[in-house]
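*Asks:* Turn this into a structure:
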Amino acid sequence: MFSTFAASPDDALDQDTFLFEHAHNDLLSMPMSHESVHLKGQAPGTVPITGLNSLIYGHYSESTTSSSNAHDLSEPYGGYISGRDERDGSASSGHMNGYERSHAPSPLYYPHPLRNSRVNGPPNGHYYNAAIHMNSTAPTFHTTHGTTPVQPIAPPNANTNPSNTDFPIAQSVDNLNGASNTELPMAQSVDNRNGGSKTSLIPERTHSQESSNAHRVVTSNHKVSEFKANSSIPAALSWSEFARQCILAAESSRLNPFALHPGEYRLLRDHITQAQVTIYLNIRNAILRLWTRNPLLVVTIEEAAGCAREKRHFNLAQVAYFWLLRNGYINFGCVHVPNTTSAPPRSKAKNNGRRTVIVIGAGMAGLGCARHLEGLFTQLSDHWTTTGEQPPKVIVLEARPRVGGRVYSHPLRDQTGSNLPAGHRCTAEMGAQIVTGFEHGNPLNAIIRGQLGIPYHGLRDNTILYDYDGTIVERSQDLLVEKLYNDVLERASVYRHKPTAQRTVEGDRNLILFGRDPSDTPGATIATLENSPTPLPANAKTPASTTEEKPSTGVEKLAGRAYQLSAGFNPNISAAEAVQNMGWRLRPGAPTGQSLDLDPITKSLEYPTLGQTMDDGIKQYQNLIEMKPRDLRLLSWHHANLEYANAASVNQLSLSGWDQDIGNEFEGEHTEIIGGYQQVPRGLWQCPGKLDVRFNSVVRAIHHKDESRGFGKAVKVECNSGEVFEADQLVITTPLGVLKSGSITFQPPLPDWKQSVIERMGFGLLNKVILVYEEAFWEPDRDMFGLLNEAEHQASLNPDDYSARRGRFYLFWNCIKTSGKPTLVALMAGEAAHYAETSTDDHLIHEVTDRLDEMFAPNMVPLPSEAIVTRWSKDPFARGSYSYVGPKTQAGDYDVMARPHGSLHFAGEATCGTHPATVHGAYLSGLRVAAEVVQTMIGPIEIPSPLVEKKAKVDIPVPSFNPTPKRKTDTVPIQQDSDIMPDEDYEASIIGAILNEIGERPIKPGRAGINPFLLFTKDQWYICKKECDEARRTATGGAEAKASKTEIRTAIGLKWRTASAAVRQPYVNQTQNAKEDAAANAATYKERVATWDTNAVRIRQEYIQKHPPPAGTEAQMLNSRTAIELGAEKRPRRI
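*Replies:* Model (predicted):
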């Protein structure tokens, strides 16, 4: 698969002696031995900072090298692991690469009041520390009243408890097959381990911890737990701030905070009412808040129950918890899961052996699946032990002598002179290289920044382009051509498959925004409402389910460029007008109303492709504007950039589905891992305990049970070595290229529906030429630079002449800051990737050196001291790079790839339709399959009956309606004599008198909730809808075809962006007037409220004097205030 240039034999890729020999453990990136993990501290002068700061609020890498070291395991003591909730207002600062900077508040440890099972410290005597202390000072925990220093707990090797067994943080174990059962938890709370009382670290005040709120229940995991309502809701936060954090946590977990996930909808539709949907979503979002704020600690069922406001809703909390747990939204990754598994009762003990799950492949999908399965089997262990079984075991079979699969960081031959922090080796990325944004739901955020604390480098969008002759392309021309390319791309997007809408249920958005639960009155379930024969009024929105459209717009960020992927273009703007707006000049005599017609090319082909369609559009634009050869080279460079993203020529990409994952892109800057991306799969393998990975296990055949076969276990796996493994469930994470090659035999063969999708889907190729030098001859602070390629026929104006060469060394990554050595990585995309497979190393090295010579003339570019060429299609365990949507691929094929067949389950990036061809997509597929396997073994989540208990009539809560309420004063139970209760009719009479005389209490004015674009949208909606409907009918040929709301919004946005100043100005004026009115209204608000309150008190007193209340309640009536009088039922309205 790889070849090296000017390297010693020991540097050859996949050599056991280099990768796994004990003598080289000091070179490993994390660094790690085969059987243990040792996370070394940072280099002297660099203060480690917690990675938890960035989990939600963003990170602190301003296009510089970043280190989010969540823990330092190199020292035996001296710190504390962060706890669940951070204290508001605390802050800390640190140094990164010699520069001091501040960052988000550091989440310190505050024990949860219900974590009684962990007050005696970590199990098995494991200790580790997180370097939350700065500059060797004692850790200080901030409270709301000041600071309280906490003394460090004695290290394991101290003589405080000689009976405890010391646990060495780093050790070397040479057995690759898992003889050692040593576990290394990555993080857990560090409490007093010797006594019954735990060390207080200023527990976070909870909303309510009275014993009356305790509720002893049996969970669906058959465990008896004590739940307390509100115990996981900090009282110090206002409801609005708490809601904001919960909403942000849901969005950071790839979930809609205001609607059920389709999986939740299917689970709950027969059991939940419309009002309870909002309650459930509030609980679910609050559970996610606990996890995202500290992924070093598992969220427990007790904490989840504490997210419920009332004990009646504990069952809702349980369902939300187990759904999030099973599906990998919480408690995933390298998190230590306390083992509470009890031995099966002797009376129920079974002798038919322990169940086994085998995972084929130790890449990100396989490791992610195996790690999550082990966590689920531990947390759900009672499902097996109560029936007399042990929880299943997980075995991973890996063909290579290493983990990572297509994530592989090759150690460079020369490790001297490294500029990396101590303990990190110099590497080059053979496969995956870029983390495409941590924000908006990337699960690698929690693993890389929150759990493993791996340093990374933020990439800057500072790409420059060199022409084929070495001259720099002017930025103005570069931008001009990029606009044209995006225009053609948008016009081709008209032919995209319309995303399939999924049914779901929305909660009350306003209540969720303010962190409120609705009044939970009995009502019909969602399913009942959906099946109701009663017709809805015209244009009425059903109170039950709705459809949630998949995103149809997005931005593809590649090599510092952003490609707008929208649902279409503005049909009212002709191509000639659009190209003039970009800054191009029309040819003399070109008609100003001329537009592009892509229908002929798309209808002439049985399987139209993106490349053919776009090239036809470019040729039509050549009739309107004068393009020069450099313009064609620039357009071809953008083609090469898309070919890099898809690992295939644009002429092989399906026109209708090539970007079927649109709208799922993560946010935040792209980054590279310092010291090697392979640290991530190594961490999943080793932390918190070593997974049972069997290396060098090349699978030859899979025998799976069907109706005609009757051997004991459901699956038998045969390896080339002759070993045979039996399993109850099998997870196959082999790359799509391996399945296409047929190197694994299935007996009986896979069904036609599975085999046909394997054949239809594309599996592409991307290769690299890695160049290592003694000194950098390029700009060391520029992260990447591009290179244009000449056509096969020099100065050609035919786009077809550029396809063969455009991807050759089209982009260079500068990896000085991540590899530790002056290193360039040249990409070979599209047809050039296949060219690299057939060319010799010597030819490629001299060719790229000649190109660099022209780019950096007059300086002489030397030959590299070390070079590596990847050839992924020749790797028998990959057969290529990653999947793409080929011309024959059908809509939904990624989901078909993911569908299980009996006891066979499929994972890998080619099964993740929302994030294909990515490391995080592979990992997410592993989480999905883990949930699938567990459901196959123990069934779906049990829904308690009743799901929500009926409300019992107890002491009447009198709400306190502070305009800016805090949770601790929102509901105060008032003990009242049952014979002296307020008369509601009497109160209503008082309110009637007040309202008749002075009207309603003034409403606090909100901010002006309009902007020019919203006003413009209101005026243009139906106009754009009509235009988009016509465009859709024209594109599809369907007389009844209609545009989606997303397409209409996109068209309106485009129309607004291209509107003249004269068109925009009236809307700007309306907005300004509204803001001025709101400001004037706010200026007199306090005075009007004070006057109204005074008059309301006066009217109440006068009414009581004229109409005395029932005996004994006069004082109560005089001092009473209703919600109307306090304005608590009024929300600030938008002006």
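*Asks:* Can you tell me how far residue 992 is from residue 891?
*Replies:* For residue 992, the distance to residue 891 equals 61 Å [C-beta to C-beta, to the nearest Å]. For every residue, glycine as well, the C-beta is placed using N, CA and C.
*Asks:* ok, the two, which is more surrounded?
*Replies:* residue 891 (17 against 11; other C-beta atoms under 10 Å).
*Asks:* which residues of the stretch 751-900 of the chain score low on pLDDT?
*Replies:* Scanning the stretch 751-900 of the chain for pLDDT under 70 picks out no residues.
*Asks:* residue ranges for the helices of it, please.
*Replies:* Under the criterion DSSP state H, counting those that start in this stretch, the stretch 751-900 of the chain contains helices at 752-760, 816-819, 831-838, 841-855, 893-898.
*Asks:* residues in contact with the third one?
*Replies:* Taking contacts as C-beta atoms under 8 Å, 6 or more residues apart in numbering, the residues outside helix 831-838 that touch it are 640, 647, 649, 764-767, 769, 803-810, 828, 844, 869-871, 873-874, 881.
*Asks:* List only those of those flagged as buried.
*Replies:* 640, 647, 649, 764-767, 769, 803-810, 828, 844, 869-871, 873, 881 (16 or more other C-beta atoms under 10 Å).
*Asks:* follow-up on the earlier one: can I get the helices of the stretch 751-900 of the chain in TSV with distance to residue 798?
*Replies:* Output for these, formatted as TSV (distance: least, C-beta to C-beta, whole Å):
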stretch	distance to residue 798
helix 752-760	31
helix 816-819	39
helix 831-838	16
helix 841-855	23
helix 893-898	33
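*Asks:* can you tell which of these is closest to residue 617?
*Replies:* helix 831-838 (20.8 Å; C-beta to C-beta).
*Asks:* in the closest one, what counts as buried?
*Replies:* Neighbour-count burial for helix 831-838 [16+ other C-beta under 10 Å]: 831, 832, 833, 834, 835, 836, 837.
*Asks:* Just send those back as a markdown table, with distance to residue 784 too.
*Replies:* Below are the buried residues of helix 831-838 laid out as a markdown table (distance: C-beta to C-beta, whole Å):
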| residue | distance to residue 784 |
| --- | --- |
| 831 | 21 |
| 832 | 17 |
| 833 | 18 |
| 834 | 23 |
| 835 | 21 |
| 836 | 19 |
| 837 | 24 |
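*Asks:* Between the residues you listed, which sits nearest residue 297?
*Replies:* Nearest member of the buried residues of helix 831-838 to residue 297, counting by C-beta to C-beta, is residue 833, at 43.6 Å.
*Asks:* Relative to residue 852, how far out is residue 820?
*Replies:* 21 Å.
*Asks:* Ok, residue 595 next?
*Replies:* Distance from residue 595 to residue 852, by C-beta to C-beta: 42 Å.
*Asks:* Repeat that for residue 528.
*Replies:* From residue 528 to residue 852 the distance is 70 Å (C-beta to C-beta).
*Asks:* same check, this time on residue 894
*Replies:* 39 Å.
*Asks:* Report the rounded mean pLDDT for the longest helix along the chain.
*Replies:* Counting by DSSP state H, the longest helix found in the chain is helix 1012-1036. Per-region confidence: helix 1012-1036 scores 85 on mean pLDDT.
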